[in-house]
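J.: here is my input, please return the structure:
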Amino acid sequence: MKATFEGAASYVPETRRLSVLADAAAGCRGCPLYADANQTVFGEGRRDAPLILVGEQPGDREDVQGHPFVGPAGHVLWRCVEQAGIDRAHVFATNAVKHFKHEVRGKRRLHKRPNTDEIEACHPWLDAEMQAVKGRVIVALGAVAARSLLGRPVPIAKSRGTEFELDGRVVVVTYHPSAVLRADEAAEEIRAALVSDLRAADTRSRESVGAVRRRQ
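T.: Here you go, the predicted structure:
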């Protein structure tokens with residue numbers, strides 16, 4: 001049976017001020033994930049950031065600290081951002097789902113992938129962030145982010161290098177940094193692909209900014 005969630009829409013204020021959105025998201029009860037999480041983890045970065053990175057959901061460390069991409073996968077991501085030559089100040093980073101979905105095994109909280117209902121329930125928050133941040137290029141890190149942004153399943157490996165359109169913006173898809181941690185022998189290959197895709201997205205975002213300035 002398909003789960004029925006209230007969804008986040010009724011919790012999202014009309015304003016697109018990021019600080020107000022973050023405060024409102026802290027009280028979201030639009031799906032059951034809030035009940036087992038410590039807190040909502042909202043996106044962070046400047047409103048005028050030219051590049052937007054969207055991941056899957058907070059992990060254990062993110063749930064504890066309240067900031068996106070501060071756990072092991074986040075460390076991989078920021079190292080790849082650095083290797084791609086991207087100024088971290090030019091990035092707005094968030095996740096498709098704002099609460100940590102997990103299962104408890106002993107003393108550990110292990111990641112569980114959000115399902116379609118949970119992704120859709122949380123989408124109004126991501127949509128509000130996309131409206132609030134001016135970046136013209138969005139990088140979907142992994143399948144959940146791509147599903148949330150584009151509204152359909154997207155094969156990551158086959159879709160790398162393809163530009164998708166979303167409300168006049170460019171969306172590109174690449175691996176989630178956690179894939180590097182899980183890949184064993186292929187880890188360096190996936191890391192290199194992630195760096196390459198981030199570099200290409202940054203170049204595309206610079207082109208978009210330049211085009212806007214020329215029209216002004």
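J.: how about the nearest residue to the most centrally placed residue in the chain, chain neighbours excluded?
T.: Centroid-nearest residue in the chain, with C-alpha atoms, centre = their mean: residue 54, separated by 1.9 Å. Excluding the flanking residues, the one nearest residue 54 by C-beta to C-beta, 6 or more residues apart in numbering is residue 145, at 4.3 Å. For the C-beta atoms, the positions are set from N, CA and C on the backbone; glycine is no exception.
J.: what's the first helix or strand after whichever strand or helix holds that neighbour?
T.: Per DSSP states H and E: residue 145 is located in helix 143-150. Where DSSP H and E defines the elements, the next helix or strand beyond helix 143-150 is helix 156-159.
J.: quick one, strands of this protein?
T.: 51-55, 91-95, 102-105, 108-111, 137-141, 164-166, 169-174 (DSSP state E).
J.: partners of the last one, with directions?
T.: Based on DSSP bridges, the pairing partners of strand 169-174 within the sheet are strand 137-141 (parallel), strand 164-166 (antiparallel).
J.: please identify the most buried of these.
T.: strand 137-141 (a mean of 26; mean count of other C-beta atoms under 10 Å).
J.: could you dump that strand to PDB, C-alpha only?
T.: C-alpha atoms of strand 137-141 as PDB (Å, rounded to 0.1, in the frame of the first residue of the first chain):
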ATOM      1  CA  VAL A 137      23.600  25.300 -12.300                       C
ATOM      2  CA  ILE A 138      22.500  22.500 -10.000                       C
ATOM      3  CA  VAL A 139      24.500  19.300  -9.300                       C
ATOM      4  CA  ALA A 140      22.500  16.300  -8.300                       C
ATOM      5  CA  LEU A 141      24.700  14.100  -6.200                       C
END
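J.: picking up where we left off before, packing partners for the helix holding residue 145?
T.: Helices and strands touching helix 143-150, by 3 or more C-beta pairs under 8 Å, 6 or more residues apart in numbering; DSSP states H and E, are strand 51-55, helix 116-132, strand 137-141, helix 156-159, strand 164-166, strand 169-174.
J.: how does it look with 7 Å?
T.: Applying 3 or more C-beta pairs under 7 Å, 6 or more residues apart in numbering; DSSP states H and E, one finds that helix 143-150 makes contact with strand 51-55, helix 116-132, strand 137-141, strand 164-166, strand 169-174.
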